[in-house]
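coordinates for the following, if possible.
(one chain, ligands or ions: 1)
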Amino acid sequence: MRKQVVGNWKMNGSTAVIDEVLDALKTERHAADVSVSVPYLYLGGAVAKLAGTQYRVGAQNVSEFGDGAYTGEVSARMLKDVGCSLAIVGHSERRRYFAESDEAVIAKLARLLEVGLYAVVCVGETLAERDSGRAESRIEAQLARLHTLMARGAGPDRFCIAYEPVWAIGTGRAASGDQIAAMHEVIKRHLGASYAVLYGGSVKAANAASIMALPGVDGVLVGGASLDAREFGEICRAAG
Ligand code: PGA
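Next up, the predicted model:
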């Protein structure tokens, strides 16, 4: 399976950072599928800048509703309209700060599938869940609702999973190789081996190659390091 590298800028960046990071990205070709998920406001500019390249632009969220009277929201149709190719849903920061439930995540995924956008569906356990032996059951609960959409034809070309242990995000403390490989196996057992499973949580140029060499790891979701042109370029190179 071709590796995927998804940059997640979160609420960071500016027009200057778009220029710096995306201009650097464009100078190289990579064997992996590489995308950058930028804040909504910068989507149009990023799409224009990466037009005609192998690189795709993604959003970090999408409304669970279709177009209509939902002030402040952005619909899947709009994302598609501005040339976006994918969106991240269910990131732990959205679950934590914006009270996004597993139901809402599935509704968002359904909206993306309706308009034909690829989805990166995030799952992950907290440190308390891991420490009390509930990591696996938490992940399985997050995955359980996907089966309804899979039964309606959402195949491996429509979405992938990003396993992001909450305690590894932005902490500089990536999960160990054993922890990553074990959870990716759980996820693949649950969904089927053909679904891509990315790892996210403190991925850097220094650990990207060894993480992507682990069994069951089909790529990486990169937060902080995706804002640094040199780091991100090295991670993309490590992907193939
Ligand atoms: P990080 O974030 O790479 O900065 O840990 C990953 C993510 O939240 O997707």
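
would you confirm that Leu109 contacts Val89?
Yes: contact criterion C-beta atoms under 8 Å: Leu109 and Val89 qualify, at 5.5 Å. Every C-beta, even on glycine, is put in place using the N, C-alpha and C of the backbone.

overlap in contacts, these two.
Here Leu109 and Val89 share the contacting residues 119, 121, scored by C-beta atoms under 8 Å, 6 or more residues apart in numbering.

show me what contacts the residue of the chain found nearest the ligand?
Residue of the chain nearest the ligand, by C-beta to the nearest ligand atom: Gly223 (2.2 Å). Contacts for Gly223 (C-beta under 8 Å, 6+ apart) come out as 8-10, 169-170, 200, 203.

count the neighbours of Cys160 for me.
23 (other C-beta atoms under 10 Å).

my guess is it contacts Val220. True?
No: counting by C-beta under 8 Å, Cys160 does not reach Val220; the two are 11.4 Å apart.

how about the residue of the chain most remote from its centre, secondary structure?
The centre of the chain is farthest from one residue, Ala69, which by C-alpha atoms, centre = their mean lies 27.8 Å away. Secondary structure, DSSP: H, G, I helix; E, B strand; the rest coil: Ala69 is coil.

residue numbering should commence at 41 henceforth.
Right, with 41 as the first residue, what we last looked at is Ala109.

per-residue pLDDT of it, please?
Model confidence at Ala109, given as pLDDT, is 98.

neighbours of the residue nearest to Ala208 when sequence neighbours are not counted, how many?
Nearest non-adjacent residue to Ala208, counting by C-beta to C-beta, 6 or more residues apart in numbering: Gly241, 2.8 Å away. Neighbours of Gly241 under the rule other C-beta under 10 Å: 26.

and Gly241, how far is that from Val262?
10 Å (C-beta to C-beta, to the nearest Å).

give me every residue that touches the residue nearest to Ala208.
164, 204-205, 207-209, 211, 214-215.

ok, now with 10 Å
Residues in contact with Gly241 (C-beta atoms under 10 Å, 6 or more residues apart in numbering) are 132, 164, 202-215, 220, 251, 260-263.

for the helix or strand of the chain with the lowest mean pLDDT, which residues meet the burial criterion?
Least confident helix or strand of the chain, by mean pLDDT, DSSP states H and E, is helix 186-191 with a mean of 92. For helix 186-191, the neighbour count (16 or more other C-beta atoms under 10 Å) marks 186, 189 as buried.

neighbouring contacts of it?
Under the contact criterion C-beta under 10 Å, 6+ apart, helix 186-191 has outside partners 142, 145-146, 149-150, 153, 159, 161, 163, 194, 196, 198-199, 201, 230-232, 235.

from these, which ones fall inside helices?
Among these, the ones falling in helices (DSSP state H) are 142, 145-146, 149-150, 153, 230-231.
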